[in-house]
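# How does the following fold in three dimensions:
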Amino acid sequence: MNKATIHLILLLTLSIAAFGQKFGYINSEYILSQFEEFREAQSKLEVEGRKLEKQYYDMAASLDSLQQDYERQKFLMTESNRGAKENEMRRLAEEIQQFQVQKLGPQGEFYQKQQALADPVLQKINTAIKKVGEDGGYDFIFDTVAGNILYAQDKFDLTEKVLKELHK
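Below is the predicted model of the structure:
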């Protein structure tokens, strides 16, 4: 058996397997943009993000100010004052690093808050997609945002059905 025959057999097998399957698709970005709970979660995260960003920039500005003062005055300072200022700058630089890790790092406070706010919303959306799929007898539901659907007729778009399910 040559390669062309094997490909033809494989293609026919897949075509037969796909026959009778019911497909649909959604636009997850549109669903997220229209789902109030997600928008509220996003808004809370933005507020938290801005708060943490302000804290970070305030700390960085303090360190910058200390460094500038130090550079201007270091030749006029006593050895002990110079050492105290250097210790203060080192301590603040360490605090900034700790802040970044604890608040903004991959396991930091912001990431955990993001998960705490987004996970329940995403679970609701997944539950709604599953219900629409089961109620409609769909075998597969794809997401247009993933970029795997290049063309589909509008009649297979389940986005509004999922949104209606979410608003029940």
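
# Past the helix ranked longest in the chain, which element shows up next along the chain?
Determined from DSSP state H, the single longest helix within the chain is helix 36-73. Next along the chain after helix 36-73, taking DSSP states H and E as the criterion, comes helix 79-99.

# quick check: mean pLDDT across the helix or strand just after that following helix?
Sequence order places helix 109-136 as the next helix or strand after helix 79-99, per DSSP H and E. For helix 109-136, the mean pLDDT works out to 95.

# helices and strands around helix 109-136, which ones?
Here helix 109-136 touches strand 23-26, helix 28-34, helix 36-73, strand 140-143, helix 159-166, going by 3 or more C-beta pairs under 8 Å, 6 or more residues apart in numbering; DSSP states H and E. Backbone N, C-alpha and C define where each C-beta goes, glycine included.

# Which parts of that helix count as buried, going by neighbours?
Residues of helix 109-136 classed as buried: 110, 113, 114, 117, 118, 121, 122, 125, 128, 129, 132, 133 (neighbour count, 16 or more other C-beta atoms under 10 Å).

# With stretch 136-145 instead?
Going by 16+ other C-beta under 10 Å, stretch 136-145 has these buried residues: 138, 141, 143, 144.

# Show the contacting residues for residue 41.
With contacts defined as C-beta atoms under 8 Å, 6 or more residues apart in numbering, residue 41 is in contact with 117, 118, 121.

# what's the nearest residue to the residue nearest the centre of the chain if we skip its chain neighbours?
Centroid-nearest residue in the chain, with C-alpha atoms, centre = their mean: residue 114, separated by 8.0 Å. Of all residues not flanking residue 114 in the chain, residue 45 sits nearest, at 5.7 Å (C-beta to C-beta, 6 or more residues apart in numbering).

# before we move on, the earlier item: in CSV, list the contacts of residue 41 along with distance to residue 41.
Shown next, in CSV, are the contacts of residue 41 (distance: C-beta to C-beta, whole Å):
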residue, distance to residue 41
117, 4
118, 6
121, 5
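
# With residue 83 as the reference, measure out to residue 90.
To residue 83, residue 90 is 10 Å away according to C-beta to C-beta, to the nearest Å.
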